[in-house]
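[1] Give me the fold of what follows.
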Amino acid sequence: MILRGGGEGGRIAGALIAAGRRPGEPVAFIERGTTPEERVVTATLGEVARGEVAVQPPAVWVIGEVVRMRERLEAATSQPR
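    All right, here's what the predicted structure looks like:
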């Protein structure tokens, strides 16, 4: 997890890829978490490295397969029982 306070996402993602992380690895940015204005933006590490993701600080950056768990949990909780 990375606390992202500025426009460093592309540089950080590029460094992570250069260090061996997969460009297709999922990432999620959580803007203004725990507030009524919370927004979650999902992408891949490669998309972030290429500057294709626009996120406003303050945001928390979650990296890895755990991001896909959110999609599964949302699908499971939205289905009627």
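[2] where does I30 land in three-state SS?
    Assigned by DSSP: H, G, I helix; E, B strand; the rest coil, the conformation of I30 is strand.
[3] Please enumerate the strands of the chain.
    2-4, 26-31, 39-44, 59-63 (DSSP state E).
[4] Leaving out chain neighbours, which residue sits closest to M1?
    Distance criterion Cβ to Cβ, 6 or more residues apart in numbering; nearest residue to M1, sequence neighbours excluded, is V62 at 5.5 Å. C-beta coordinates here come from the backbone N, C-alpha and C atoms, glycine included.
[5] State the pLDDT value of the closest residue to E38 other than its chain neighbours.
    Among residues not flanking E38 along the chain, R32 sits closest, at 5.3 Å (Cβ to Cβ, 6+ apart). On the pLDDT scale, R32 is placed at 89.
[6] Same question for L3.
    74.
[7] Which one of the strands of the chain lies nearest to R11?
    Across the strands of the chain, R11 has its closest neighbour in strand 2-4 (11.0 Å, Cβ to Cβ).
[8] Point out where this structure drops to low pLDDT.
    The model of the chain has pLDDT under 70 over residues 4-6, 79-81.
[9] and the longest helix for it?
    helix 66-78 (DSSP state H).
[10] Report the inter-axis angle for that helix versus strand 59-63.
    Calculated by axes from the mean of the first three to the mean of the last three Cα atoms, to 10 degrees, helix 66-78 forms an angle of 100 degrees with strand 59-63.
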